[in-house]
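In: Need a 3D model of the sequence below.
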Amino acid sequence: MIQREKHSYSEEQHLSVAQLEAQVGNLITDTNPHLTADVTSRQIMGTVVVALLPIVIASGYYFGWRIYGLYLLSIVTAQIAEIIWFKARGRELTFDLSAVVTGLLLTMNLPPSAPWYFPVIGSAFAIIVVKEFFGGLGYNFLNPALGGRAFLVGLFYMEMFQISWPDPPFGRIPPGAVSQATADVTTHATPLAALKAGQALSGDELLDMFLGNTGGRIGETSAVLIIVAAVFLIWRRIIRPHIPLIMVAVVAMGAWLFAEPGSLASGTTVLGHVLGGGLLLGAIFMATDYASSPSTIVGECVYAVGIGVLVVILRFWGPTNEGVSYAILTMNCFVPLIDRLLRRRVLGEPGNRQLNIKIDK
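Out: Next comes the predicted model:
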C-alpha cells in the first residue's frame, strides 16, 4: 500500500513537471528595460540628459543661439504631448524625463536651419504616435526620436537635408550663404558627401570633424563630446559598450573594403566614415535604447551587426550619404524576431548555458 502511494505520487509529480516544461516553452520575454538594480527610469533618463548637455552647449556654440530655442521647443512640446496623452487616457503622469531625452535627441537630428515648427511637429509625433500608441515607455518598438525625424523627412524632405556650416562663436552660415569671416561658399560637400565622391579628407578636416567645427546636423558634429558622453554612460552602467563598438567596427570595416573601389581604403577615409555623419550619435544614444533593442547580449550583437551592415549598404550603394537613422529604425523592426529566436534561457531550460540563451526553431 505504501509502495502504491509512492508510485502514484511519483506519476503526479512527473506530470506536473511536464506541464511546467510545456508552459515554460510558451513564455515570452517581456519588454525592456529589465532592471535588477535599485534604479528608476527617472534616474536613468536624468543621467542621459547630463551626458547630452555638453553636446547641447557645443551645438549652440557652433550653430548659433537659435539652436537653444529649438531644443526648448522640442522639450516643451514633447512634455506637453505626454501630459495631454496621459490626461486623455486617465492615467497618472510620471515625470520620468523620457520626454526630455526624446526632445533633445530629436533636435540633435535636425538641420541647423530647421524652422521652429520642425521640433514641434517631430516631438509631438515621436511622443504620441511612436511612443504612446504602443504603450508608452518600455513598449515602443521604434526609437521615438528617430521615428519623429523620419516623419519630418517624409513631410519636408528638401529642408531636412539642407546643411548649415558653423561660424563660431554662436554663429551659423546658412545653406548657400557666404561667410564674411571666411569668404567660403558653403554649398561645398559635407565630409561624407566628399568621401562618397571619391575625394580625400585632409588632416585639418578630420580634426574639425573630431571637434565639431564642420557641417552637419545639430548634435552630430562633435565626435569628441559624443565619445566623452559614451564613456560617462558606460561608467555609470547606463549602456553597455558592445552595441556602439560593433556598429562602429562594422562600418569601419565596410569603409576599408568598399570606400575606394579597386583598393583598400586609407586610414583617413575610414576615420572620416567613423567620425562623419550621425554614426557615433546614433550608435551611443539611439541604438542602445532599452525598449527598441534586444534583451540578450547575443541578440544585441546581432542587432548591432545588422545596423552596421545596413549603414554600409546605404552609404556606398544607396541614395544617401548617411543611412544611420534608417538603419537603426529597420533593425528596430527586427528586434521582436531576434528576441524570439535568441530569447533569454529560463533557469533549468535546455539551451546554451554559457550565452544564457535559448535558440528557438
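
In: since we're on Tyr117, how many residues are nearby?
Out: Tyr117 has 12 neighbours, counted by other CB atoms under 10 Å. Using the backbone N, CA and C atoms, a C-beta is placed for each residue, glycine as well.

In: Could you pull up the residues touching it?
Out: For Tyr117, the contact set (CB atoms under 8 Å, 6 or more residues apart in numbering) is empty.

In: Phe125 versus that one, what's the distance?
Out: 12 Å (CB to CB, to the nearest Å).

In: Over to Ser263?
Out: Between Ser263 and Phe125 the distance is 44 Å, computed by CB to CB.

In: Kindly report the same for Gly198.
Out: From Gly198 to Phe125 the distance is 37 Å (CB to CB).

In: So for these two, which residue has more residues nearby?
Out: Shown here are Gly198 and Phe125; by other CB under 10 Å, Phe125 has more neighbours (22 against 10).

In: name the element the more buried one belongs to?
Out: Per DSSP states H and E, Phe125 falls inside helix 117-125.

In: pull the helix or strand with minimum mean pLDDT from the chain.
Out: Scoring the helices and strands of the chain by mean pLDDT, DSSP states H and E places helix 2-25 at the bottom, with a mean of 45.

In: Can you show me the CA trace of the helix or strand just after it as CSV?
Out: Per DSSP H and E, the first helix or strand lying C-terminal to helix 2-25 is helix 41-63. What follows is helix 41-63, C-alpha atoms only, in CSV (Å, rounded to 0.1, in the frame of the first residue of the first chain):
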residue,chain,number,x,y,z
SER,A,41,13.6,55.3,-15.1
ARG,A,42,13.9,58.9,-13.9
GLN,A,43,17.5,58.3,-12.7
ILE,A,44,18.4,56.6,-16.0
MET,A,45,17.0,59.4,-18.1
GLY,A,46,18.5,62.0,-15.9
THR,A,47,21.9,60.5,-16.4
VAL,A,48,21.4,60.5,-20.2
VAL,A,49,20.3,64.2,-20.0
VAL,A,50,23.6,65.0,-18.1
ALA,A,51,25.6,63.2,-20.8
LEU,A,52,23.8,65.2,-23.6
LEU,A,53,24.3,68.6,-22.0
PRO,A,54,27.8,69.3,-23.3
ILE,A,55,26.7,68.4,-26.8
VAL,A,56,23.7,70.7,-26.4
ILE,A,57,26.0,73.6,-25.3
ALA,A,58,28.5,72.9,-28.1
SER,A,59,25.9,72.8,-30.8
GLY,A,60,24.7,76.3,-29.9
TYR,A,61,28.3,77.5,-29.9
TYR,A,62,28.9,76.1,-33.4
PHE,A,63,25.5,76.9,-35.0
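
In: For helix 41-63, name the packing helices and strands.
Out: Counting contacts by 3 or more CB pairs under 8 Å, 6 or more residues apart in numbering; DSSP states H and E, helix 41-63 is packed against helix 66-89, helix 98-108, helix 223-235.

In: Which other helices and strands does the last one contact?
Out: Applying 3+ CB pairs under 8 Å, 6+ apart, one finds that helix 223-235 makes contact with helix 41-63, helix 203-211, helix 279-281.

In: Could I get the average pLDDT for that helix?
Out: Looking at helix 223-235 alone, the average pLDDT works out to 97.

In: Need the contact partners of that helix.
Out: Residues outside helix 223-235 that contact it (CB under 8 Å, 6+ apart) are 47-48, 50-52, 54-55, 58, 209-212, 220, 239-241, 244, 275, 280-281, 284-285.

In: rewinding a little: now do the helix holding Phe125, average pLDDT.
Out: Here the average pLDDT along helix 117-125 is 97.

In: buried residues in it?
Out: Across helix 117-125, burial judged by 16 or more other CB atoms under 10 Å covers 118-120, 122-125.

In: Quick check: next helix or strand after it?
Out: Where DSSP H and E defines the elements, the next helix or strand beyond helix 117-125 is helix 144-155.

In: Any idea how far that next one is from the middle of the chain?
Out: Computed by CA atoms, centre = their mean, to the nearest Å, the chain-centroid distance of helix 144-155 equals 13 Å.

In: what does stretch 271-285 give?
Out: On CA atoms, centre = their mean, the centre of stretch 271-285 falls 11 Å from that of its chain.

In: would you list the helices and strands packed on helix 41-63 in CSV and tack on mean neighbour count and distance to Ala304?
Out: Below are the helices and strands packed on helix 41-63 laid out as CSV (neighbours: other CB atoms under 10 Å; distance: least, CB to CB, whole Å):
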stretch, mean neighbour count, distance to Ala304
helix 66-89, 19, 27
helix 98-108, 27, 19
helix 223-235, 18, 14
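
In: Reformat those helices as CSV; add distance to Thr40.
Out: Output for the helices and strands packed on helix 41-63, formatted as CSV (distance: least, CB to CB, whole Å):
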stretch, distance to Thr40
helix 66-89, 17
helix 98-108, 11
helix 223-235, 16
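
In: Isn't Cys301 up against Ile246?
Out: Yes. Here Cys301 reaches Ile246: they are 6.0 Å apart, a contact under CB atoms under 8 Å.

In: give me phi/psi at Thr320?
Out: Main-chain dihedrals, Thr320, degrees, to the nearest 10: phi -110, psi 160.
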